[in-house]
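Chemist: Take a look and give me a structure for this.
(chains A and B)
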Amino acid sequence: MSELISHSQEELAALFRAELLTGVGRSVRHESAAKHASGAALYIDDRLEFPNQLHVYARLSERAHARIVRIDSTPCYAVPGVAIVITSADVPGKLDIGPVFPGDPLLADGSVQYLGQPVLAVAADSLENARRAALAALIEYEDLEPVLTVDEALRRRQFVLDSHSHRRGDAAAALAEAPHRLAGSLRIGGQEHFYLETQIASVLPTEDGGMLVHSSTQHPSEVQKLVAEVLGVPLNKVEVDMRRMGGGFGGKETQAAAPACLCAVIARLTGRPTKMRLPRNEDMRITGKRHPFQVEYEVGFDDDGRLHGVHIQLAANCGYSPDLSGAIVDRAMFHADNAYYLGDALVEGHRCKTNLASNTAFRGFGGPQGMLAIEEIMDAIARHLGKDPLAVRKLNYYGKTERNLTHYHQTVEHNLLEEMTAELEASCDYAARREEIRAFNARSPVLKKGLALTPVKFGISFTSSFLNQAGALVHVYTDGSIHLNHGGTEMGQGLNTKVAQVVAEVFQVDVSRIQISPANTGKVPNTSPTAASSGADLNGKAAKEAAQTIRQRLVDFAARHWQVGAEDVQFKNGQVRIRDRYLSFEELVQAAYLGQVSLSSTGFYRTPKIYYDRTQARGRPFYYYAFGMACAEVLVDTLTGEYRLLRADILHDVGASLNPAIDIGQVEGGFVQGMGWLTCEELVWDDKGRLLTAGPASYKIPTVADVPADLRVKLLENRRNPEDTVFHSKAVGEPPFMLGISVWCAIKDAVASLADYHLQPAIDAPATPERVLWGVEQMKKLQQPQGAVHEHAGEST
Amino acid sequence: MIQFFLNRELRSERALDPNLTVLRYLREHLRRTGTKEGCGSGDCGACTVVVGELVEEDGRERLRYRSLNACLTFVAALHGKQLLVVEDLEQRGRLHAVQQAVVDRHASQCGFCTPGVVMSLFALQKNADGPDRERACEALAGNLCRCTGYRPILAAAEQACGAPEPDQFDAAEAETVAALKAIARGGTELAGNDRRCLLPASVDELAALYAAHPEARLFAGGTDLALEVTQQHRALPLTIHLGGIEELKRLTPGSEAIEIGAATPLADCQAALAAEYPDFGALLKRFASLQIRNQGTLGGNIGNASPIGDTPPLLIALGARLLLRKGGTSRTLALEDFFLDYKVTALEPGEFIEKILVPRARPGQAFRAYKLSKRLDDDISAVCAAFNLLIEDGRVREARIAFGGMAAIPRRATACERALLGQPFEAAVIERACTALAGDFDPLGDFRASREYRLLAAQNLLRKAFLELHAPALPTRVTDHV
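Modeler: The predicted model follows:
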């Protein structure tokens, strides 16, 4: 950089005329890419340990529901290296670490609520010793009756939070008067996050009773708050630092807090640095997952397949505590329309309490489950009327000027459904392939092909409106290098890269000049979780504001110093033009420093326009919608239920992309993760509430071979977000997840071919080979005319 | 004492706990933290490292690089080898070509799986002759990535295998070969933390050691045994490592049978078995992951007597025999007589599998094998089926049919076989055989599949085998479509 100072005015002018190559809209590489590849990227478990480091292992409940009669931890101390054993009684401050509502004791308090709940924690000089000691503790239980299924919880009306409804019009009347009516049900499985880095925290006691916490968390401010609460100290004693996560996907939004809090309590009681890393099996047993849902629906429609009315009941298996289930079921309800005008609608959401781990945030946050229900309904209508499912979908799309009010009374604006469907339908050659597939199926008795094109309309904003705020902190140093900090956390999604590009764009400097720093509660306070796809929208805006503040000071200084108008000061590609004089960025910075100008600023952003009135169940919970489309073609083996995705075409809307390479990475990764949720990923519990699929040997996420060789992913071009988002981009974290629904619908399409597309196979999610084979058997047995109302019972595991 | 090279540094370990895995050795003993633990059970590949070993090719000794899971590899298995980990690839501040490909193709997001992906790509690049999607998928099926959806990782594989320039490892190959040769062959042992691992160098030595210590646990790849340590947290006080016994790793195509040394890695069995029985080769491609096949052996897959091992049903259907050895005496045993009950075999104390004898294919013989699982790659069978039929003049002359996942042991479907024998090979007979098959097994339901699915799928696999033999032009396998 200092070299540039000696450049001639001509050289600087030439640089000024050139484009900045690392600003917004450029496919800048992930800021850590080289470190990921070389092994130099540090995760918490890679940090140097202290000589007196403690390692924590929690002893988990062996019962789904029981009273704890006695805990004897004396045998633990016989194991060498044990420093301390703690139970709920040893927590100095508040025991409950529930994120929004209470209900999550850090350690079981008197009773256990699920099999896998931490009952006590042992800290020792090694994880191995801590584990041996924890397993040596004697715990006596008195069994209580567990509730493990949504059915049973509904029967008992056992909920973690109150039910909620969205209404528009008179659904009952519309159903009664509709020419056709269908009723059905659908079971939707949960999903393990399977972040590659398991939950981990490492805590160092500092002076004044404080703690420095390294936590792999999407929500440093919440970890800070909960650590302070369990210790009984003010928040300002606790500093949380978060450089990167090895994946989050929602699983580290609330549930990263427990390891951090356990470490903090132990660090307080022992005065020693303390680390807790969950082995994979323990992680899968302790932590909650995507909510399994049970859906009951009734739908009325006309001869064309147009919806007149719906009644959809969404019942989530929340596990034992509220966690984020309130907002998750809300979002499922907000997405029970997906892309469709429902007619007169009643959408109800229930939050069932069961004796399982507390289910939590996971990419899409209930949205996918709500969407799957309405996509199932679209297919059921198409089968009933003998129409192509895509025709029924298009018929029911929200209109642009009418039929554009959602069941929660938000108007759908800037609707891209029709044009995107038209574009993808043409580019993927839907109609011709539909015909080819019919022909293939006619001549292939064993293997059947299926095709489905499904849309995504996903609402962007936290539905808890107050969370839609963010802060950032930018320093410019005297050599022109820039320190950037913001309230968001990097879990692989490229947030740091995008926010750095935003700052690079504002200052018109190369992104290499910007040092990204770990999220840190001491730098940007009171942050919201990096969740709801909001990371770049919120933190990008906050960082932009911070950078603009500093840039404005530089402009004002330059105008004063060189006695020109503010409009004469322009930044471009690392250079500054001051009327007809060219300076390098760092020359201006140096001059401004000598001119006593502050080169540090915070930035703050809050999302405008949004509100939701829960009592009325009306409002505008979403600032805008992100759209996407996917068309999947699958091949199904009707003898075994095995299948394979042959081709997928995706068109996705990210507004004006901040970074197309990163956005495509989110689209592809989300699609495959969504496909996994609906195909090979199956959670199975036994009748005692024990998770049988608690490791990757039994729980199968997609591998490389599940991705089709023919994968055509495109970002929608030339569609800036009409709302004033950061450089008119759109959020991209969650929406593509639901593109995976196309694969599930395509599998069912292939099975439906066995009954000439006149019956909707009852294949619940995930569509494992077994469920697909039962769907095949159902088609073979049921090839007879159906009544106007049919009920299909899903089988369950 | 064991000796191995960590990249170019000779390490002589005299006192290590032989229950220590390479992953813990790297992360905790050496504080080389580039290699990650994602699961500790060999299912995710985040801990993938590469091992270079001496192989003879056209009379010349060279290095062969293979990927394996550090979390399932006991340190003793490194003896006489070169271990390469992700930190070893960068040279003088420059990323290796496979690392650069990962960066260029945006193939990392959270980055936690990336070191393992990089090492799998490195091994792929060293063994591939140019880019090949299918081969890349095989190399990467054991590397789970939760972020990217894999497409950019495949793009990185394509770039890395495109036109690889010689790297520092190629430049040092002769030197590394010489250094590895200098490590004493012969038997040795590793002891530490009151545990011992014996490393015999010959079958005779092994026979003597095992006869003297019948309580010892044998391992070659150790991909199953290591789970007892990493997942069940058991101590293995005495183990015997078979990986150093060259005789046990030989594969000899005889005129009657292919003789396969029990410690031959599955990856080395693949080509010979695929040539003889294409379905055997196809199944081995879906057997766990490449990392596991590089380590896990055919003898191990039999010896651990799992009811859901993938090769035993195929080998039983083929009429494979085992050469067993105990002390100075040997005997042969039909594989179908080897499995007695759940995890119980006919092996006597101190007796071990020396060779597997797989009969050569005969004219007219039809062999079909199928594996059903929730995920196509790197999954455990819900049902594994193998049909070995000899059909002459439209009649079934011989039938050997075996299943895995249907009972406590892999075994033949004898009633089903009887229903076929001597009968015309036609649909009605197949249906009768399907009915008979339902009497052969009383399978369990578990999280992989229900009892009902197992039974129906097993019958349908017989129907499928019939269709494939009867109407070979019909598409019947989703795996045939790309």
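
Chemist: Low-confidence regions, the chain specifically.
Modeler: Using chain A here. Where chain A drops to pLDDT under 70, the residues are A:1-6, A:784-797.

Chemist: wrong chain, I was asking about chain B
Modeler: B:481-482.

Chemist: quick one, longest helix in it?
Modeler: Longest among the helix segments of chain B by residue count, using DSSP state H, is helix B:451-470.

Chemist: Surely A:Ala83 is within a strand?
Modeler: Yes: using DSSP: H, G, I helix; E, B strand; the rest coil, the assignment for A:Ala83 is a strand.

Chemist: Spatially, what comes nearest to it if we skip its sequence neighbours?
Modeler: In space, A:Ala83 comes closest to A:Ala123 once its chain neighbours are excluded; the distance is 4.8 Å by C-beta to C-beta, 6 or more residues apart in numbering or on different chains. Bear in mind the C-beta positions are built from the backbone N, C-alpha and C, glycine included.

Chemist: which neighbours does the host helix or strand of the one you found have in its sheet, and in what orientation?
Modeler: Using DSSP states H and E, A:Ala123 sits within strand A:118-124. Looking at strand A:118-124 with DSSP bridges, its partner strands are strand A:54-60 (antiparallel), strand A:82-86 (antiparallel).

Chemist: got TSV for the ones you listed, with mean neighbour count and distance to A:Ala472 too?
Modeler: Formatted as TSV, those follow (neighbours: other C-beta atoms under 10 Å in any protein chain shown; distance: least, C-beta to C-beta, whole Å):
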stretch	mean neighbour count	distance to A:Ala472
strand A:54-60	26	34
strand A:82-86	22	38
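
Chemist: can you redo those as JSON lines with distance to A:Val392?
Modeler: Compiled in JSON lines, the strands paired with strand A:118-124 are given as follows (distance: least, C-beta to C-beta, whole Å):
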{"stretch": "strand A:54-60", "distance to A:Val392": "47"}
{"stretch": "strand A:82-86", "distance to A:Val392": "58"}
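
Chemist: To A:Ile377, which of those strands lies closest?
Modeler: Between A:Ile377 and those, the tightest spacing by C-beta to C-beta is seen for strand A:54-60, at 39.8 Å.

Chemist: Where do the helices of the stretch 201-350 of chain B begin and end?
Modeler: B:203-212, B:225-230, B:266-276, B:278-285, B:290-295, B:298-303, B:311-317 (DSSP state H, counting those that start in this stretch).

Chemist: do the fifth one and chain A meet at all?
Modeler: If I follow you right, that is helix B:290-295. No: Helix B:290-295 is not in contact with chain A by C-beta under 8 Å from any C-beta of the partner chain; minimum separation 11.1 Å.

Chemist: follow-up on the earlier one: so who does the residue nearest to A:Ala83 touch?
Modeler: The neighbours of A:Ala123, taking C-beta atoms under 8 Å, 6 or more residues apart in numbering or on different chains as the test, are A:54-56, A:82-86, A:130, A:266, A:270, A:272, A:274.

Chemist: quick one: buried residues of the longest helix of chain B?
Modeler: Across helix B:451-470, burial judged by 16 or more other C-beta atoms under 10 Å in any protein chain shown covers B:453-468.

Chemist: restrict these to those near chain A?
Modeler: B:453, B:456-457, B:460-461, B:463-464, B:467.

Chemist: Distance check, the residue nearest to A:Ala83 against chain B.
Modeler: 17 Å (C-beta to the nearest C-beta, to the nearest Å).

Chemist: Please name the bridge partners of that residue.
Modeler: A:Val56, A:Ile84.

Chemist: And it, how far from A:Ala89?
Modeler: 16 Å (C-beta to C-beta, to the nearest Å).

Chemist: Kindly indicate whether the residue in the stretch 51-200 of chain A that chain B sits nearest to is helix, strand or coil.
Modeler: In the stretch 51-200 of chain A, the residue that lies nearest chain B is A:Leu196 (3.9 Å; C-beta to the nearest C-beta). Following three-state DSSP, A:Leu196 is assigned to coil.

Chemist: can you tell me which residues contact it?
Modeler: A:246-247, B:36, B:38, B:44, B:46, B:110, B:112-113, B:144-146.

Chemist: Pick the one among the residues you listed closest to A:His311.
Modeler: B:Arg146 (36.3 Å).

Chemist: That closest one reaches A:Thr703, doesn't it?
Modeler: No: using C-beta atoms under 8 Å, B:Arg146 makes no contact with A:Thr703, being 11.1 Å away.

Chemist: Which one of those two is surrounded by more residues?
Modeler: B:Arg146 (28 against 25; other C-beta atoms under 10 Å in any protein chain shown).

Chemist: Relative to A:Ile664, how far out is that one?
Modeler: Distance, B:Arg146 to A:Ile664, by C-beta to C-beta: 17 Å.

Chemist: what do you get for B:Arg400?
Modeler: From B:Arg400 to A:Ile664 the distance is 51 Å (C-beta to C-beta).

Chemist: for B:Asp446, same thing?
Modeler: On the measure of C-beta to C-beta, B:Asp446 and A:Ile664 end up 39 Å apart.

Chemist: quick one: which of these two has more around it?
Modeler: Between B:Asp446 and A:Ile664, counted using other C-beta under 10 Å, A:Ile664 has the larger neighbour count: 24 against 16.

Chemist: How about the more buried one, nearest residue that isn't a chain neighbour?
Modeler: Looking at A:Ile664 with C-beta to C-beta, 6+ apart, the closest residue is A:Val713, at 5.8 Å.

Chemist: what's the neighbour count on that neighbour?
Modeler: A:Val713 - counted by other C-beta under 10 Å - has 20 other residues nearby.

Chemist: who are the neighbours in contact with it?
Modeler: A:Val713 is in contact with A:650, A:652, A:664, A:667-668, A:671, B:151, counting by C-beta under 8 Å, 6+ apart.
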